[in-house]
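A.B. asks: next one to model:
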Amino acid sequence: MSKRKDPIPDIPSQYKEKEKHILCMVVSNKPGALVRIALIFTRRGYNIDNVSTHPLPNQKYSLMTLCVSGDKKVLSQIIKQLNKLIDVVKVADVVQERSLVRELAMFKLGFTKKPRDEVLSLIETLPKTITHIIEQTSSASMILTCVGDAKQLDTLEALFSEYDLLDCVRTGTVLLSKDDSAFSEFKDSQKKDL
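C.D. replies: Residues are numbered from 1 along each chain as shown. Here you go, the predicted model:
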């Protein structure tokens, strides 16, 4: 028997497991900057899972954190294109193991499926790594604010859906580098401009 000569075709990219990446970038704090950045991802067929941004102390620039899923090769092309944008000062693909990565979620829980005491005892069993605050909204519901990583909050959302989850909102990912930040030099130079 002869061996098959034609190569086995590659798996189409939409069926491959996509890697998660967190990009941090310093961008000009101007109208339209986010649109121009999003267009680069759109042109490459890359989805932005979430985005978080805040102005730096001098208000001329913002620090933007983007969570994306996809092929590393395509992402490296996107980073090169982002660096060509006038609005983008610096881009870094963050190594998550060297950063403290968190999200915030707010869950509005009712007491129609399970009694209030049972919901509160469930909350007391949450891991200590998940910071939480309870606010009573009425006798029929409460809002639970939780801070943790994305997997922890996904797990909580699934858990609370078995109870009486009335509503849920989540922020984008934020992070701080555990070692020297790739942006520390930039941030220090901007403080002098104040």
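
A.B. asks: all strands for this protein, in order.
C.D. replies: Counting by DSSP state E, residue ranges of the strands within the chain are 19-28, 47-55, 61-70, 88-94, 99-110, 131-138, 141-148, 165-170, 174-177.

A.B. asks: so which of the ones you listed is the most packed in?
C.D. replies: Greatest average neighbour count among the strands of the chain goes to strand 61-70 (a mean of 20), per mean count of other Cβ atoms under 10 Å. Just so you know, the C-beta spots here come from the backbone N, C-alpha and C atoms, and that holds for glycine as well.

A.B. asks: ok, back up a step: need the strands of the chain in a markdown table with mean pLDDT, can you?
C.D. replies: Conversion of the strands of the chain to a markdown table gives the following (pLDDT from 0 to 100):
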| stretch | mean pLDDT |
| --- | --- |
| strand 19-28 | 88 |
| strand 47-55 | 90 |
| strand 61-70 | 89 |
| strand 88-94 | 89 |
| strand 99-110 | 89 |
| strand 131-138 | 78 |
| strand 141-148 | 89 |
| strand 165-170 | 92 |
| strand 174-177 | 82 |
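
A.B. asks: make CSV out of the ones you listed and add distance to residue 155.
C.D. replies: CSV is the format used below for the strands of the chain (distance: least, Cβ to Cβ, whole Å):
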stretch, distance to residue 155
strand 19-28, 16
strand 47-55, 17
strand 61-70, 17
strand 88-94, 23
strand 99-110, 11
strand 131-138, 13
strand 141-148, 9
strand 165-170, 13
strand 174-177, 19
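
A.B. asks: surely residue 141 and residue 107 touch.
C.D. replies: No: distance between residue 141 and residue 107: 10.3 Å, which falls outside the contact criterion (Cβ atoms under 8 Å).

A.B. asks: for residue 76, find the nearest of the strands of the chain.
C.D. replies: strand 88-94 (8.2 Å; Cβ to Cβ).
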